[in-house]
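J.: Provided below are the primary sequence and the corresponding predicted coordinates.
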Amino acid sequence: MSKAELGALIFAAWTMSLWALTMTATSQRRGNRTLLERICWARGRAHARRRRAHLVRQVRDSSLATRPDRPTLDYLQREDVLYQVSRRALALKMIVPIATSVSAGGALATAIERTTWHVWRDVLAMGALVAPMLITAVIASLVTNQGMQRWTTEAVTVTVRRAYEALLKPLEVEGQEPPTTSPFNSPHVAAARALEDFAIALERYAVQRALPDGRNPMPQVVARFAAAAALVRELRDGVELDRIDGAKRALLEVQRILKVLASGQLQDLAPGDVSADGLLHSHRERRAWRQQVLRGAAFTLCLAGIVFALASSALGVALATAAAAGLVATWDKILRLSTSSDANRSASS
């Protein structure tokens, strides 16, 4: 087999792996287990059992916390199994596209280096080396977002567990020497970060569950989880300002939230309500910002292609790139119309 045939085979394997990755992305949003999740199921269960035993030991060694009841521990283990299995299955699914993208980039770069027709051969070879990796990274992030839409409940449980475990550790520092583990970070930093991650997970859960069709919100759900996120951020500030008493209060509140999540009585998640308009408005702003970034990246690529094509005196490539720019401009106009229509619809509602 020649080098050209080997490169073509590697490129075909890379494109086929991306096709399989995108075609199986929607299966992660269904309730049934995928094939890879069935493979990872036994290891996920075993890992969740070990993590439950480790959590019980941490609670036993802590002088502040009381041992959670059995339904709460069962809930943590059950959600941990789902999260571990989904994460491991997605990691296995990413192995082949990532490995073949590196090989495909190397094959394209080698093929371009063997040519002598272009004055910018080295630049093209570097771009060909990186392009498959970038394309794979973008598609992988999109597939991960598809899977995370099903992970919302498990993500909330994982983040609240991390916050709980961080608060179980002693936050005071004694002695004349700094600790050997993370000496430049105070012990309360991990707890504050974990509480912030928990608040973000609550807001993402609210947006995902409150927009089941992407348009029509459920304001009561958003208000309840927004209130819980505000409470968790208040606990984070308490830990930052008062590491001992603030940590005690945060530990008791997080343990209460764990019990509420296990019971399913989400009305008791946080006292009071927070307006859902702020969270939904910030969600729409983030979505509009992502669309603007995509439009800017598309125009930048088209403009760079036109400049590069004109500099290389390839008129046909320049015309083709100009046509692509026209298509992107049309797509941009469509997006602007759809965004304005969504804004008008939300304003009228």
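T.: Yep, it's here.

J.: What mean pLDDT does the longest helix seen in the chain get?
T.: Assignment by DSSP state H gives helix 70-113 as the longest helix of the chain. If you average the pLDDT over helix 70-113, you get 86.

J.: next one: stretch 143-163
T.: Averaged over stretch 143-163, pLDDT sits at 71.

J.: For stretch 106-113, buried residues please.
T.: 106-112 (16 or more other CB atoms under 10 Å). Every residue, glycine included, has its C-beta placed from N, CA and C.

J.: Which one of these is nearest to residue 139?
T.: When those are ranked by distance to residue 139 (CB to CB), residue 108 comes first, at 17.3 Å.

J.: what's the spacing between residue 84 and residue 41?
T.: Distance, residue 84 to residue 41, by CB to CB, to the nearest Å: 10 Å.

J.: Looking at those two, which one has more neighbours?
T.: Between residue 84 and residue 41, residue 84 has the larger neighbour count (other CB atoms under 10 Å), namely 21 against 16.

J.: per-residue pLDDT, the closest residue to residue 85 other than its chain neighbours?
T.: Sequence neighbours aside, residue 44 is the residue nearest to residue 85 in space, at 3.8 Å (criterion: CB to CB, 6 or more residues apart in numbering). Residue-level confidence at residue 44 comes out at 91, pLDDT.

J.: Would you confirm that residue 44 contacts residue 88?
T.: Yes: contact status for residue 44 versus residue 88: in contact at 6.4 Å, counting by CB atoms under 8 Å.

J.: who has more neighbours, these two?
T.: residue 44 (21 against 18).

J.: so who does the more buried one touch?
T.: Taking CB atoms under 8 Å, 6 or more residues apart in numbering as the criterion, residue 44 is in contact with 81-82, 84-85, 88.

J.: Give the buried residues for the helix or strand hosting it.
T.: For residue 44, the element it lies in under DSSP states H and E is helix 35-61. For helix 35-61, burial by neighbour count (16+ other CB under 10 Å) applies to 36-37, 40-41, 44, 47-48, 51, 55, 59.

J.: of the buried residues of stretch 106-113, closest to residue 183?
T.: When the buried residues of stretch 106-113 are ranked by distance to residue 183 (CB to CB), residue 106 comes first, at 41.6 Å.

J.: Touching, the closest one and residue 129? I think so.
T.: Yes: Residue 106 lies in contact with residue 129 (CB under 8 Å); the separation is 6.5 Å.

J.: Report the secondary structure state of residue 33.
T.: The local conformation at residue 33, judged by DSSP: H, G, I helix; E, B strand; the rest coil, is coil.

J.: who are the neighbours in contact with the nearest residue to residue 136 once chain neighbours are set aside?
T.: Spatial nearest neighbour of residue 136, excluding adjacent residues (CB to CB, 6+ apart): residue 101 at 4.0 Å. Residues near residue 101 by CB under 8 Å, 6+ apart: 14, 132-133, 135-136.

J.: if you set the cut-off to 7 Å instead, what comes out?
T.: 14, 132-133, 136 (CB atoms under 7 Å, 6 or more residues apart in numbering).

J.: Let me have those residues in a markdown table, adding distance to residue 297 and pLDDT as columns.
T.: As requested, those are exported to a markdown table (distance: CB to CB, whole Å; pLDDT from 0 to 100):
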| residue | distance to residue 297 | pLDDT |
| --- | --- | --- |
| 14 | 22 | 84 |
| 132 | 17 | 85 |
| 133 | 16 | 88 |
| 136 | 16 | 85 |
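
J.: wait, which of the residues you listed is closest to residue 142?
T.: Of all the contacts of residue 101, residue 142 sits closest to residue 136, with 10.9 Å by CB to CB.

J.: before we move on, back to that, among the buried residues of helix 35-61, which one sits closest to residue 95?
T.: Comparing these against residue 95 with CB to CB places residue 36 closest, at 10.5 Å.

J.: Which residue is the nearest non-sequential neighbour of the closest one?
T.: residue 89 (3.8 Å).
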